[in-house]
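Q: what follows is a predicted structure for the sequence shown.
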Amino acid sequence: MNLASLFSGGKDSTFSIFKTKQNGHNIVCLVSLYPESAESHLLHHPNISWTSLQAESMKIPHLSILLENNDEQNEIEKLEELLKKAKREFGIEGLVHGGILSEYQKNRFESIGKKLNLHVVSPIWHIDDRKYLAELLDSGFRFIVTSVTAAGLDDIWLGKEITTKEIQTLDSLSSKYGFHLAFEGGEAETFVIDCPLFSHPIKIVKANKIWDGYRGRFEITEAILDK
């Protein structure tokens, strides 16, 4: 099938593109909504504007729109608008959703899919978190942490690239503090800087760390394709 991918730039949405292509489907465009606030119901916030650079590296057309507010109904309407555009311009037959456990998100995306007569493909739904993280690294994915909001995760994680060593540490912390190892509960968010889908890795030139003592984010202010 020709599919659009709901794309946030994090490990889950990017790996879902990778898996979907492995399963023989075509990703003909990416769809991103840029929320102005971190309080979005459906969307990741930190650094989502840099999805355009990732799309350039993947050489996949990218449809995006800025949300003026984070009212859930507005998010749904804007997403429907983008998907209708994707149907007109790229002939999509479905959309790829990178969720692992959130029934809330999955139900809403499936509702939109039903309304627009689009199949919903969820390639990492209910994937085992430990096997998933190992597969990410084994497949050549490189990603950094861009926000933390859970007990046990402090500012040292902001901007940190996740390797096997970090996964071992996160495994211990998740057992102690109870957060999901793959961050499915929103405990942290990520940004992919390289993977097999990219023609060039992304080089972060400048960024700011913001930490309030309990939670924080890593905001990329300048980045380029490392050609």
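A: Perfect, I can see it now.

Q: switch to C-alpha atoms for all contacts and neighbour counts from now on
A: Will do.

Q: how close does the closest residue in space to residue 91 that isn't next to it in sequence get to residue 96?
A: What sits nearest to residue 91 in space, not counting adjacent residues and going by CA to CA, 6 or more residues apart in numbering, is residue 2, at 7.0 Å. Separation of residue 2 from residue 96 (CA to CA, to the nearest Å) stands at 10 Å.

Q: okay, and the beta partners of the residue nearest to residue 91?
A: residue 26 (DSSP bridges).

Q: what about the most far-flung residue of the chain relative to its centre, helix or strand, and which?
A: Within the chain, residue 176 marks the point farthest from the mean C-alpha position, 25.7 Å out by CA atoms, centre = their mean. Assigned by DSSP states H and E, residue 176 belongs to helix 164-177.

Q: for that helix, which helices and strands make contact with it?
A: Secondary-structure packing of helix 164-177 (3 or more CA pairs under 8 Å, 6 or more residues apart in numbering; DSSP states H and E): helix 129-138.

Q: measure how buried residue 203 is and give me the count.
A: By the criterion of other CA atoms under 10 Å, residue 203 has 14 neighbours.

Q: what's the answer for residue 65, then?
A: Residues near residue 65, counting by other CA under 10 Å: 15.

Q: the longest helix in the chain is where?
A: Assignment by DSSP state H gives helix 72-90 as the longest helix of the chain.

Q: and that helix, which residues are buried?
A: Neighbour counts over helix 72-90 (16 or more other CA atoms under 10 Å) mark 75, 76, 78, 79, 80, 82, 83, 86, 87, 90 as buried.

Q: low-confidence stretches in the chain?
A: 36-46, 69-70 (pLDDT under 70).

Q: which parts of it belong to which domain?
A: For the chain, automatic domain parsing gives the domain ranges 2-121, 129-225.

Q: what's the burial count for the closest residue to residue 171 other than its chain neighbours?
A: Excluding the flanking residues, the one nearest residue 171 by CA to CA, 6+ apart is residue 181, at 6.2 Å. Using other CA under 10 Å, residue 181 has 21 neighbouring residues.

Q: residue 181 belongs to a helix?
A: No. Counting by DSSP: H, G, I helix; E, B strand; the rest coil, residue 181 falls outside a helix, being coil.

Q: go ahead and confirm it touches residue 129.
A: Yes. Residue 181 is in contact with residue 129 according to CA atoms under 8 Å; the separation is 6.2 Å.

Q: quick one, phi/psi of residue 157?
A: phi -80, psi -20 (degrees, to the nearest 10).

Q: once you drop chain neighbours, what's closest to it?
A: Nearest in space to residue 157, with sequence neighbours left out and distances taken as CA to CA, 6+ apart, is residue 145 at 6.3 Å.

Q: ok, and for the strand or helix carrying that neighbour, which residues are buried?
A: Per DSSP H and E: residue 145 is located in strand 142-148. Of the residues in strand 142-148, those with enough neighbours to count as buried (16+ other CA under 10 Å) are 142, 143, 144, 145, 146, 147, 148.

Q: do stretch 51-64 as well
A: For stretch 51-64, burial by neighbour count (16+ other CA under 10 Å) applies to 51, 52, 53, 54, 55, 57, 58, 60, 61, 62, 63, 64.
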